[in-house]
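Enquirer: Next comes the sequence, and after it the predicted model I'd like to discuss.
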Amino acid sequence: MLPVDALMQEHRLIERMISQMKRELLRMKETSGVNVAFIDVAVDFIRVYADRCHHGKEEGVLFRGLSGKAMSSEHAGMMRELIDEHVYARKTTGNLASAKERYVKGDGEARNDVWKLLNDLIEFYPKHIDKEDKRFFYPSMSYFTGQEQEAMLNEFWDFDRKIVHEHYAKVLDELEKTAPV
Ligand SMILES: [Fe+2]
Ligand SMILES: [Fe+2]
């Protein structure tokens, strides 16, 4: 297994969430409302799985490794685009969470903002994933030796192991902020 195969498996899970987001957006438009519980689940998934865990390995391991290599200008340019796209996804997800909060508080404008931001993410992820899967990931592997690829895969597993502990420590930090023991 190549390191990029592990990342591509994660793309398949992100795509399943995007399908759910599409289905829920249609339903919300039919009922002229916002499914707050669904938005919470989607925002949590994108923040923790797609951003912290998945983009985290892309940026913190793969891209970091590539930045020490003499990349072609095409690949270097594409990597910069991918990093910018992660920034966009992060910002859009944050805006979606804020719009949902405003909706909960009764802001009349917020419903359309939730719909629009959800749609922005639905349109964004398939394009971003397609670029990585079809144009960037496999060519990027040619800059690494077999040994480096194996080390990268091990770094991925170490990274994943950290995430679950980090996530639940954060959950408790938040709980204790609102309800100190
Ligand atoms: Fe990415
Ligand atoms: Fe990705």
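Expert: Everything's here; your move. Ligands and ions are numbered 1, 2, ... in the order given.
Enquirer: I'd like to check which residues are in contact with Phe45.
Expert: Met17 (C-beta atoms under 8 Å, 6 or more residues apart in numbering). From N, CA and C alone the C-beta is placed, and that goes for glycine too.
Enquirer: any idea how far Gln9 is from it?
Expert: Per C-beta to C-beta, to the nearest Å, Phe45 is found 16 Å from Gln9.
Enquirer: how far away is Phe38 from Ser142?
Expert: From Phe38 to Ser142 the distance is 41 Å (C-beta to C-beta).
Enquirer: what about the two, which has more around it?
Expert: Taking neighbours as other C-beta atoms under 10 Å, Phe38 and Ser142 compare with Phe38 leading, 18 against 9.
Enquirer: Pick out the residue closest to the middle of this structure.
Expert: Centroid-nearest residue in the chain: Ala50, 2.6 Å away (criterion: C-alpha atoms, centre = their mean).
Enquirer: The closest residue to that one other than its chain neighbours: what's it in contact with?
Expert: Using C-beta to C-beta, 6 or more residues apart in numbering and skipping the chain neighbours, the partner closest in space to Ala50 is Ile14 (5.2 Å). Going by C-beta under 8 Å, 6+ apart, Ile14 touches 49-50, 54, 125, 129.
Enquirer: Which one of these sits in the busiest neighbourhood?
Expert: For the contacts of Ile14, neighbours tallied by other C-beta under 10 Å; top is Ala50, 26 neighbours.
Enquirer: I'd assumed Ala89 was in contact with that one.
Expert: Yes - with contact defined as C-beta atoms under 8 Å, Ala50 reaches Ala89; the gap is 7.2 Å.
Enquirer: tell me, what's touching those two both at once?
Expert: With C-beta under 8 Å, 6+ apart as the test, Ala50 and Ala89 both reach Tyr125.
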